[in-house]
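Asker: 3D, please:
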Amino acid sequence: MDDVEMIIVIPCYNEYNRLPIADFTAFLSKHPQIGLCFVNDASTDQTEVMLLELQASFLSQILVLRNTKNLGKAGSVRHGILHCHSTTKAATLAYLDADLATSLEECVSYTSYLNDTTKFVFASRILKIGSVVERKFSRFISGRIIATLISNLLDIKVYDTQCGCKVFQKDLAAILFQKTFISKWLFDVELFSRLLVFYGKEDALQMMNEIPVKRWVDQGDSKVKLSYFFRLWYDLYLIRKNHSDQIKSKTEKIA
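Answerer: You can find the predicted model right below:
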């Protein structure tokens with residue numbers, strides 16, 4: 001993928017029966033300047049066979065990576081981003097959910113918001129006039145509760161940290177992904193924490209932009225197990241503690 005301008009990392013776990021191959025094929029045919037990096041997270045079905053078949057049709061645009069063991073979404077995205085950061089010349093990196101709840105086209109459109117000041121943009125499921133956001137009411141309610149907790153945890157006003165579409169300039173990759181993540185599913189929160197710690201709150205907020213989605217459609221059951229609801233609170237506690245410790249350590253160094 002030497003000639004692509006942007007690479008979108010897509011984590012995949014047992015996606016054989018739900019990956020929208022036709023959408024990927026149509027997109028790649030129309031956007032030769034965009035590359036896709038699929039990370040197979042130790043799937044137990046025929047996901048990898050399907051990905052390799054797709055790759056064979058778009059050798060200059062598709063890279064397929066493999067996790068030797070299941071790492072969850074956090075580990076898969078990290079694997080893909082770090083690999084693309086170190087081996088390609090693409091100026092922009094992103095990650096997106098395999099079900100394309102947010103479309104590939106919309107993900108790419110967010111690059112128009114990147115500039116010398118804004119280096120990190122993310123989709124947000126804010127329902128406004130002209131937009132389409134379809135998801136189960138139960139997921140909406142739980143999402144709002146989690147979002148409120150996260151806003152308080154990081155002390156920033158953000159509506160939606162968990163929408164699976166993030167786009168950023170390549171030079172942020174090492175800052176955001178060098179360290180492993182505490183949580184397999186709330187790692188997006190850790191990305192915000194790392195920006196806030198590294199740049200300081202004022203500068204970090206200036207370089208971020210939350211973009212309301214034009215269209216987001218829930219494509220089915222979540223890969224997050226119901227049992228994770230109990231682990232979620234402990235993950236939030238650990239993330240908050242780590243964030244506070246990092247802020248404190250940086251403050252002490254400056255002093």
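Asker: CA only for contacts and neighbour counts going forward, please
Answerer: Fine.
Asker: so which residues of the stretch 101-250 of the chain form strands?
Answerer: Ranges of strands within the stretch 101-250 of the chain are 120-124, 132-134, 165-169, 208-212, 215-217, based on DSSP state E, counting those that start in this stretch.
Asker: in this structure, which helix or strand is least confident?
Answerer: The weakest-scoring helix or strand in the chain, judged by mean pLDDT, DSSP states H and E, is helix 137-154 (a mean of 70).
Asker: pLDDT score assigned to I254?
Answerer: pLDDT for I254: 73.
Asker: so what's it up against?
Answerer: If you count contacts by Cα atoms under 8 Å, 6 or more residues apart in numbering, I254 has none.
Asker: bridging residues for A94?
Answerer: Beta-bridge partners of A94, counted by DSSP bridges, are I8, V167.
Asker: isn't it up against V9?
Answerer: Yes: using Cα atoms under 8 Å, A94 is in contact with V9, at 6.0 Å.
Asker: shared neighbours, the two?
Answerer: Residues touching both A94 and V9 (Cα under 8 Å, 6+ apart): I81.
Asker: how about low-confidence regions in the protein?
Answerer: 135-144, 219-229, 255 (pLDDT under 70).
Asker: for it, what's the longest helix?
Answerer: Longest helix of the chain, by residue count under DSSP state H: helix 228-254.
Asker: any idea how far that helix is from the chain center?
Answerer: Centre-to-centre, helix 228-254 and its host chain are 20 Å apart (Cα atoms, centre = their mean, to the nearest Å).
Asker: mind listing what's buried in that helix?
Answerer: Buried residues in helix 228-254, counted by 16 or more other Cα atoms under 10 Å: L232, D235, L236, I239, R240, H243, S244, Q246, I247.
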